[in-house]
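> Structure here, sequence nowhere to be found:
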């Protein structure tokens with residue numbers, strides 16, 4: 001089975017790959033070219049994980065604008081059912 005593109009990975013898959021790459025890089029037993037490639041892949045995985053976490057956070061929070069114009073995030077479980 002071909003390896004998935006980074007953008008197609010679930011959060012859990014991306015995090016596991018990122019953790020494995022970090023371990024390999026920290027071990028220092030990778031050739032320089034491979035280390036650079038692994039680092040680039042790790043950066044892409046980190047960005048994907050951050051995006052997926054942010055997307056999940058937005059799904060569980062509602063942005064409310066107060067009368068004074070300021071905004072506040074309200075967790076969905078604290079909202080009343082009239083929304």
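In hand now; what should we look at? Bear in mind the structure is a predicted one, so any value in this text is a computation, not a measurement.

> Could you check the pLDDT of residue 35?
The confidence metric pLDDT takes the value 93 at residue 35.

> For it, which residues are in contact?
residue 25 (C-beta atoms under 8 Å, 6 or more residues apart in numbering). To be clear about C-beta, it is placed using only N, CA and C from the backbone, and glycine gets the same treatment.

> gap between it and residue 11?
Relative to residue 11, residue 35 is positioned 25 Å away (C-beta to C-beta, to the nearest Å).

> With residue 75 instead?
Going from residue 75 to residue 11 by C-beta to C-beta gives 20 Å.

> can you check residue 62 too?
Residue 62 sits 22 Å away from residue 11, going by C-beta to C-beta.

> wait, doesn't residue 38 sit right on residue 25?
Yes: Residue 38 lies in contact with residue 25 (C-beta atoms under 8 Å); the separation is 5.8 Å.

> So in the chain, where's the weakest helix or strand by average pLDDT?
Ranked by mean pLDDT, DSSP states H and E, the weakest helix or strand in the chain is strand 61-65, scoring a mean of 74.

> Can you list the strands that that strand pairs with?
Note on strand 61-65: by DSSP bridges, its sheet partners are strand 71-75 (antiparallel).

> element containing residue 54, please.
Assigned by DSSP states H and E, residue 54 falls within helix 32-59.

> Residue 18 now?
helix 11-27.

> And that helix, what's buried?
By neighbour count, and taking 16 or more other C-beta atoms under 10 Å as the criterion, the buried residues in helix 11-27 are 14, 15, 17, 18, 21.

> what would those look like in JSON lines with distance to residue 4 and pLDDT?
JSON lines is the format used below for those (distance: C-beta to C-beta, whole Å; pLDDT from 0 to 100):
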{"residue": "14", "distance to residue 4": "10", "pLDDT": "96"}
{"residue": "15", "distance to residue 4": "14", "pLDDT": "95"}
{"residue": "17", "distance to residue 4": "10", "pLDDT": "96"}
{"residue": "18", "distance to residue 4": "14", "pLDDT": "96"}
{"residue": "21", "distance to residue 4": "15", "pLDDT": "94"}
